[in-house]
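J.: Can you look at this prediction? I've put the sequence above it.
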Amino acid sequence: MNALAPKPPFQVLIMSEESRLGREQIKTAYALQRLTDAGVQVWFYLSDQERKLDTAMDKIMGSLTGFASEIEREKAQQRTYDTMKRKAKAGHVTGGAVFGYDNIDIAGTLPDAQGRPKRSHVELRINEGEAEVVRKIFRLYAEGHGFTSIAKALNAERAICPRPRPSFNKPHGWVSSSVRQILLRRLYVEEQVWGRTKKRTPSGVKKAQHRPEQEWIIVPVPQLQIVSPDLWKEAQDRWKNVRQLYLRATDGRLHGRPTNGHESPYILTGFTECKECKGSLFIRSRSHGKRRAFHYACTTHYQRGPEACSEPMLLPMELLNHAILETLEQDVLQPSILVKAVEKAFQQLHIHDNEPDARREVLRKDVAHVEAELARLATAIASGGSMATLLSAVHEREERRTRLHAELAALDGIPFARFDAATMEHELRSYLEDWPSLAHRHHAQTRQILRKLLPSRIRVWREVVGEEKHYRYQGVAAVGRFFSGLGKVKKFGVPNGI
């Protein structure tokens, strides 16, 4: 869909049936309209038919197909919900693995096609090794230990821990968030809770939403009790007291991670990782005379303990910032790459330069078509048609009209004059002459550039050579170039060069 403008690089889209494009009428119809407007043919190989939107009959047939697909989606959602609800009321497993328990397949009475026992459902059984770790977490928390200190203690003992998902590529071990999840899971005190959230919105978008507590299904499962009621109550009382004190200290505001609109004030957080454990690097500060010294440190080492990762890193922030930015300037942002970028940009601008008039004509026709549809819908509303359906159609057309007008305004406001490649190259070179110093002054803009430039995180590791600590780093730039470097620091001293 993103490749449709300004000119699609493909002319035909083939799929099995229309439901593969979407099962929500309005969104699917809009997607088909965008495809056909861009001149792309849409074919369904199960019926060997092309979906066209040239006439009113084509559109009504598309609407009926979309209606049938959406009905089937709603039925599938309801069937899944009813099945999971029935399993939850019976105390069966409705999800994945839970720390402290093993999933046990229960065979049914009827065999499968090969004559083997067919699984009826899955039940939980207490895993004594993991259950002992759960009890220890509750005891430590009730005694006054915090989440992070508990995680470090468990990692120091090499205690059994939850298995991270392979796709997440995270270090193996306990962390404060996993300790918190253990303390809040009511299953350990013989209460299985199901239905706290629903995974999708009514339109089918995957988005977790909280359900009201009265809709939860709570099933007593005494056979799965790991923590005694007294220990559970003691830990929960402490959790409530700590939470109330925290809210009182912050005027009732819950402080957490910044929203996506807020950039980190540090240049390389999120772009670097420890080579030993692949954990990300964060900023750790400490007193250094009359000022504070800032260092990049391994998140795994400081949040999970030295047993999870033995490398604290503690790399001077300014040393790594300067070294990596200078390396990028010398090894990645070379003149040859800059020339190629200018040529590519010039080609794109040249394409736009030749197309604005044709695009304006297409947009004006689309606006006239939408206006006619709105007029017909207004007539249908006045004659007493299905109000909900008609209002939804009106809302869709009005949104499309707004987008078309916005694109027309953008076309009218863009000066499609010829660009001089030599002048453009000279201006870009002037911007990049002192790139490292500009990067140190404008952190937010630098992080935006790095986000485009670095497809993966930069690996960093430390080597102690005599009286010096050597910090090495390696990374790959989006332009396909490999880069590496070395920063030197006197042992227990200050940076002495690169």
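T.: Looks like it came in fine.

J.: which residues in the stretch 151-300 of the chain form strands?
T.: 191-194, 197-200, 206-210, 217-220, 272-274, 281-288, 291-298 (DSSP state E, counting those that start in this stretch).

J.: Out of the ones you listed, which gets nearest to residue 235?
T.: strand 191-194 (14.5 Å; CB to CB). C-betas here are computed from N, CA, C, even on glycine.

J.: Flag every buried residue along that closest one.
T.: Buried positions in strand 191-194, judged by neighbour count with 16 or more other CB atoms under 10 Å: 191-192, 194.

J.: next one: stretch 23-41
T.: Those would be 23-29, 32-33, 35-36, 38, 40, for stretch 23-41 by 16+ other CB under 10 Å.

J.: so how far is the helix or strand harbouring residue 447 from its chain's centroid?
T.: For residue 447, the element it lies in under DSSP states H and E is helix 443-453. Taking CA atoms, centre = their mean, to the nearest Å, the mean C-alpha location of helix 443-453 is offset from the chain mean by 18 Å.

J.: And stretch 138-149, by the same measure?
T.: Centre to centre, stretch against its chain (CA atoms, centre = their mean), the figure for stretch 138-149 is 31 Å.

J.: Just the terminal-to-terminal distance for that stretch.
T.: This stretch, stretch 138-149, spans 13 Å end to end (CA to CA, to the nearest Å).

J.: thinking again about what came up before, okay if I get the strands of the stretch 151-300 of the chain as TSV plus distance to residue 235 and mean pLDDT?
T.: Below are the strands of the stretch 151-300 of the chain laid out as TSV (distance: least, CB to CB, whole Å; pLDDT from 0 to 100):
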stretch	distance to residue 235	mean pLDDT
strand 191-194	15	88
strand 197-200	23	82
strand 206-210	23	81
strand 217-220	19	90
strand 272-274	33	89
strand 281-288	29	83
strand 291-298	30	87
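
J.: Can you check which of those strands gets nearest to residue 330?
T.: Here strand 272-274 is closest among the strands of the stretch 151-300 of the chain (CB to CB), at 18.7 Å.

J.: For the closest one, name the packing helices and strands.
T.: strand 281-288, helix 299-304, strand 458-465 (3 or more CB pairs under 8 Å, 6 or more residues apart in numbering; DSSP states H and E).

J.: tell me what the longest helix anywhere in the chain is packed against?
T.: Counting by DSSP state H, the longest helix found in the chain is helix 56-89. Here helix 56-89 touches helix 25-37, strand 191-194, strand 217-220, going by 3+ CB pairs under 8 Å, 6+ apart.

J.: right, and these - which one's nearest residue 294?
T.: The nearest among those, by CB to CB, is strand 191-194 at 43.3 Å.

J.: list the helices and strands that closest one packs on?
T.: Strand 191-194 packs on helix 56-89, strand 217-220, going by 3+ CB pairs under 8 Å, 6+ apart.

J.: Which of the residues in the longest one are classified as buried?
T.: Within helix 56-89, the residues that count as buried by 16+ other CB under 10 Å are 59, 62-63, 65-66, 69-70, 73, 84, 87-88.

J.: for the helix holding residue 447, packing partners?
T.: Counting by 3+ CB pairs under 8 Å, 6+ apart, helix 443-453 packs on helix 435-441.

J.: Quote the end-to-end distance of stretch 310-328.
T.: With CA to CA, one end of stretch 310-328 sits 29 Å from the other.

J.: got it, and stretch 285-303?
T.: The first-to-last residue distance of stretch 285-303 comes to 15 Å (CA to CA).

J.: Please apply the same query to stretch 178-196.
T.: Counting by CA to CA, the terminal residues of stretch 178-196 are separated by 19 Å.

J.: quick one: contacts of it?
T.: With contact meaning CB atoms under 8 Å, 6 or more residues apart in numbering, stretch 178-196 is reached by 84-85, 88, 91, 94, 98-101, 134, 137-138, 141, 147, 150-151, 154, 161-162, 210-211, 215-229, 232, 235-236, 239.

J.: Buried subset of these, written for ChimeraX?
T.: In ChimeraX, this line selects whichever of the contacts of stretch 178-196 come out buried by 16+ other CB under 10 Å:
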select :84,88,91,94,98,99,100,101,134,137,138,141,147,150,151,154,161,162,224,225,226,227,232,235,236
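
J.: List the contacts of residue 407.
T.: With CB under 8 Å, 6+ apart, residue 407 has these contacts: residue 363.

J.: How about residue 49?
T.: Neighbours of residue 49 in contact, by CB under 8 Å, 6+ apart: residue 43.

J.: Could you export the buried residues of helix 56-89 as JSON lines, including pLDDT?
T.: What follows is the buried residues of helix 56-89, written out as JSON lines (pLDDT from 0 to 100):
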{"residue": "59", "pLDDT": "84"}
{"residue": "62", "pLDDT": "82"}
{"residue": "63", "pLDDT": "83"}
{"residue": "65", "pLDDT": "85"}
{"residue": "66", "pLDDT": "82"}
{"residue": "69", "pLDDT": "84"}
{"residue": "70", "pLDDT": "85"}
{"residue": "73", "pLDDT": "84"}
{"residue": "84", "pLDDT": "89"}
{"residue": "87", "pLDDT": "89"}
{"residue": "88", "pLDDT": "88"}
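
J.: As a markdown table, the residues you listed with distance to residue 317 would be great.
T.: Output for the buried residues of helix 56-89, formatted as a markdown table (distance: CB to CB, whole Å):
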| residue | distance to residue 317 |
| --- | --- |
| 59 | 59 |
| 62 | 57 |
| 63 | 58 |
| 65 | 58 |
| 66 | 54 |
| 69 | 54 |
| 70 | 53 |
| 73 | 51 |
| 84 | 49 |
| 87 | 52 |
| 88 | 50 |
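
J.: how far does the longest helix of the chain sit from the chain's center?
T.: On CA atoms, centre = their mean, the centre of helix 56-89 falls 27 Å from the chain's centre.

J.: same question, stretch 222-229
T.: The answer for stretch 222-229 is 36 Å, by CA atoms, centre = their mean.

J.: which residues in the chain form helices?
T.: Under DSSP H, the chain gives helices at 25-37, 56-89, 128-142, 147-156, 176-184, 229-249, 299-304, 317-327, 335-354, 356-382, 387-413, 421-432, 435-441, 443-453.

J.: Quick check: which ranges of the chain have low pLDDT?
T.: The model of the chain has pLDDT under 70 over residues 165-171, 245-263, 334-339, 341-357, 381-392, 410-441, 479-498.
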